[in-house]
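In: quick one, structure for this:
(chains A and B)
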Amino acid sequence: MPDVMRLAVFGGVYSNSRALEAAIADARTWGADGLYALGDFGAFGPHPDRVFPLLLDAGVESIQGNYEESLSTGATDCHCGYTDPRDNHFAQISYDYTAEKTSLTWKAWMGALPATRRLEIGGRRILLVHGSPRKINEFLWESTSPVPFLEKLLEDHSADVLVCTHTGLHWQRRLPSGRLVVNAGALGRPANDGRANVWYARLELGADARAELAPVDYDFEAMAREMEEERLPAEFVETIRTGWWTCCLEILPAKERSRGRY
Amino acid sequence: MAAELFPEVPFLSFDTLWFQVAGSLCNLACTHCFVSCSPTNHSHEMLTRAQVRGFLEEARALGVREYYFTGGEPFMNPEMLGIAADALAQGPVTILTNGLLLTPERSRRLRELFDRSEYSLDLRVSIDGWDAATNDPIRGEGTYARILEGLRNLAAEGLNPVITVTEACDGAGAAAGRARFLDWARAIGLSRPRLKVLSLFRIGAEADRLRGYAPRETLAGRTLAPEALEALQCSSSRMVTSRGVYVCPILIDSPFARMGTTLAGTRRSFPLSTGACFTCHEYGVTCRT
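Out: Reported below is the predicted structural model:
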């Protein structure tokens, strides 16, 4: 084993195969020893079946997100955990498209993925989840995941490092105990900051565990055109081009909401 | 009442802590208030900053995720801003207000708190109609104009509150009612309107306004699936008032809902024996945003 293990962790891909390709290439250039993906491969973007061969060819170790749980069990909605009807309206459009366009073979494949994954590296317990260790669709936002809550969460689930996604916004928090919590953000849509790039997490596990959140540039214009050809909502396409979230944002805490345009 | 007839909600995790920070004291006496708050209701007294700090300390040790402050009217508590600052030091905070005391100066100080904290500060402002004719019969003469003023003061500071409406406003819960409230909010200057619609609890003043619970509105004899129990806020939250720690924000006038004097001591199951429990389950109500 090398002195420092480098892991690249990808958050929600949301059918953005172009961003996934770019992130895999970026992670390899960085020198990743392992690639991991935290689920929600479909949603939002076009041609969901294009994502899975990329994951398999690159040897990405995957877990389920709520999308994989829903698609593989034939659920009628994504179980994203939204509460506002405006969020659910767009979530349903996204889910119906993805459910229709995902082949049965891949639905069966995702049904066999684990819900979480545990690694032990250098005596450190790493826990990879989609939403949170206790719930696949729990949102761990930066501004609503305070230190005491995270300390207990990691204690309860026997983890020194927790990596999650589901919110679509990347962040990390070092806890007073030395534990580390990282939200890998998403490859599928930009981070509501007016920039079109997307993000993933780089973990370095050596004498200490540290994380870096890495921006990835990709051909977002080509992705936007593919979405238009598939007649996906203009709101989705605008986000890909502008970097601002246009929908599914009522769920945002006040702090994160205030940073966006909408 | 035979408690064994009712399903029991287990206590699963201590995520949300509520404070009845103004007690049952309010500058309004809304006709639908499920805790009958008013300028003269002293059944729960205001909490002091020191009292809240004690519970915050215990909450930190228990790993509580978020804090909510309500009343009565929280800003009648002279220590409210200091209390909010204390809570924001260890987690996200939401304050439920009727908006009448949101002066330009208080709104400015809330904005400062919002900016200063790494955790989210959110406000919920209650209104019960689209105009004075629909709102004022419920919340009181002249309140519509004063709520509007408070909302505009918040908006002027760049704060975007959640407009909270109850179904006492006829049609508010339906899609058309929601759309009308969102349009209304945009028209008064909230460019990215946020909205929460709450079901009515037929207790307190509301029981006198329309009606109390009918005998059939009960969970007696029902078996609830684990997911249904988990969805209830009483599986993951508690409410602190001057009189103790209660199972939820709704039942603070029910003596049997007082579960203890410390947070740790209330981490146990509770029988879903009230009409309000029926409402929460049947309509998927949570007091959280």
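In: how much space between B:Ser237 and chain A?
Out: Remark: distance between B:Ser237 and chain A (C-beta to the nearest C-beta, to the nearest Å) = 13 Å. No exception for glycine: its C-beta is placed from N, CA and C like everyone else's.
In: that residue pairs with what?
Out: B:Ser237 has these beta-bridge partners by DSSP bridges: B:Thr16.
In: do you know the pLDDT at it?
Out: Confidence at B:Ser237, expressed as pLDDT, is 98.
In: how about the strands in chain A?
Out: Assigned by DSSP state E, the strands in chain A fall at A:5-10, A:34-37, A:61-62, A:117-121, A:124-128, A:161-164, A:170-174, A:180-184, A:198-205, A:209-216.
In: now the second one, how far from the centre of its chain.
Out: A distance of 12 Å separates the centroid of the chain from that of strand A:34-37, by C-alpha atoms, centre = their mean, to the nearest Å.
In: any stretches of chain A with poor pLDDT?
Out: Where chain A drops to pLDDT under 70, the residues are A:1.
In: same thing but 90
Out: A:1-3 (pLDDT under 90).
In: for the residue of chain A at minimum distance from chain B, grab the count of nearby residues.
Out: Nearest residue of chain A to chain B, counting by C-beta to the nearest C-beta: A:Lys152, 2.8 Å away. Look at A:Lys152: counted by other C-beta atoms under 10 Å in any protein chain shown, it has 18 neighbours.
In: wait, what's in contact with B:Pro215?
Out: Taking C-beta atoms under 8 Å, 6 or more residues apart in numbering or on different chains as the contact definition, B:Pro215 lies against nothing.
In: gap between the closest residue to chain A within the stretch 51-200 of chain B and A:Arg173?
Out: Going by C-beta to the nearest C-beta, chain A is nearest to B:Gly63 of the stretch 51-200 of chain B, at 2.8 Å. Distance, B:Gly63 to A:Arg173, by C-beta to C-beta, to the nearest Å: 14 Å.
In: more crowded one of those two?
Out: Using other C-beta under 10 Å, the more surrounded residue of B:Gly63 and A:Arg173 is B:Gly63, with 21 against 18.
In: and the gap between the more buried one and A:Val163?
Out: Taken as C-beta to C-beta, the span from B:Gly63 to A:Val163 is 20 Å.
In: count of neighbours near residue 15?
Out: Let's take chain A. Neighbour tally, A:Ser15, other C-beta under 10 Å: 32.
In: that's the other chain; I wanted chain B
Out: Count around B:Asp15 with other C-beta under 10 Å applied: 18.
In: hmm, it is touching B:Arg65, no?
Out: Yes - with contact defined as C-beta atoms under 8 Å, B:Asp15 reaches B:Arg65; the gap is 4.5 Å.
In: joint contacts of those two?
Out: In contact with both B:Asp15 and B:Arg65: A:Phe149, using C-beta under 8 Å, 6+ apart.
In: in the longest helix anywhere in chain A, what's buried?
Out: Longest helix in chain A by number of residues (criterion: DSSP state H): helix A:85-101. By neighbour count on 16 or more other C-beta atoms under 10 Å in any protein chain shown, the buried set for helix A:85-101 is A:86-88, A:90-91, A:93-95, A:97-99.
In: what about the host helix or strand of B:Ala133, average pLDDT?
Out: In this assignment (DSSP states H and E), B:Ala133 forms part of helix B:132-139. The pLDDT scores in helix B:132-139 average 96.
In: near chain A, which residues of chain B?
Out: Residues of chain B lying near chain A by C-beta under 8 Å from any C-beta of the partner chain: B:13, B:15, B:59-66, B:90-92, B:114, B:118-123, B:158-160, B:175, B:178, B:192, B:194-195.
In: what subset of these is buried?
Out: By 16+ other C-beta under 10 Å, these give B:13, B:15, B:59-60, B:62-66, B:90-92, B:114, B:119-123, B:159-160, B:178, B:194-195 as buried.
In: in helices, which of those fall?
Out: B:59-60, B:62, B:114, B:178.
In: looking at those, which is nearest A:Ser72?
Out: The closest of these to A:Ser72 turns out to be B:Arg178 (C-beta to C-beta; 33.0 Å).
In: so who does that closest one touch?
Out: A:85, B:172, B:195, B:197.
In: can you check B:Gly140 too?
Out: B:28-30.
In: only the buried subset of those residues, as a PyMOL command please.
Out: The PyMOL selection below is limited to those of the contacts of B:Gly140 classed as buried (16+ other C-beta under 10 Å):
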select buried, chain B and resi 28+30
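In: in helices, which of the contacts of B:Gly140 appear?
Out: Among these, no member falls in helices (DSSP H).
In: including pLDDT, could the contacts of B:Gly140 go into a markdown table?
Out: Output for the contacts of B:Gly140, formatted as a markdown table (pLDDT from 0 to 100):
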| residue | pLDDT |
| --- | --- |
| B:Leu28 | 97 |
| B:Ala29 | 95 |
| B:Cys30 | 95 |
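In: right, and B:Arg139 touches B:Asn27 too?
Out: No - applying C-beta under 8 Å, one finds B:Arg139 not in contact with B:Asn27, separated by 10.7 Å.
In: how far away is A:Asn192 from A:Cys80?
Out: With C-beta to C-beta as the criterion, A:Asn192 and A:Cys80 are 16 Å apart.
In: please apply the same query to A:Lys101.
Out: From A:Lys101 to A:Cys80 the distance is 18 Å (C-beta to C-beta).
In: next up, the contacts around B:Asn41.
Out: B:Asn41 neighbours (C-beta under 8 Å, 6+ apart): B:24-26, B:72.
In: run the last query once more with 10 Å
Out: B:23-26, B:29, B:33, B:35, B:72, B:204-205, B:253 (C-beta atoms under 10 Å, 6 or more residues apart in numbering or on different chains).
In: how close does it sit to B:Arg222?
Out: 33 Å.
In: next one: A:Ile251
Out: Counting by C-beta to C-beta - A:Ile251 and B:Arg222 are separated by 30 Å.
In: more neighbours, those two?
Out: Counted by other C-beta under 10 Å, A:Ile251 and B:Arg222 do not tie: A:Ile251 has more neighbours, with 20 against 13.
In: need the residues of the stretch 101-250 of chain A near chain B, please.
Out: Contacts of the stretch 101-250 of chain A with chain B, taken as C-beta under 10 Å from any C-beta of the partner chain, map to A:134-135, A:138, A:140-156, A:173, A:249-250.
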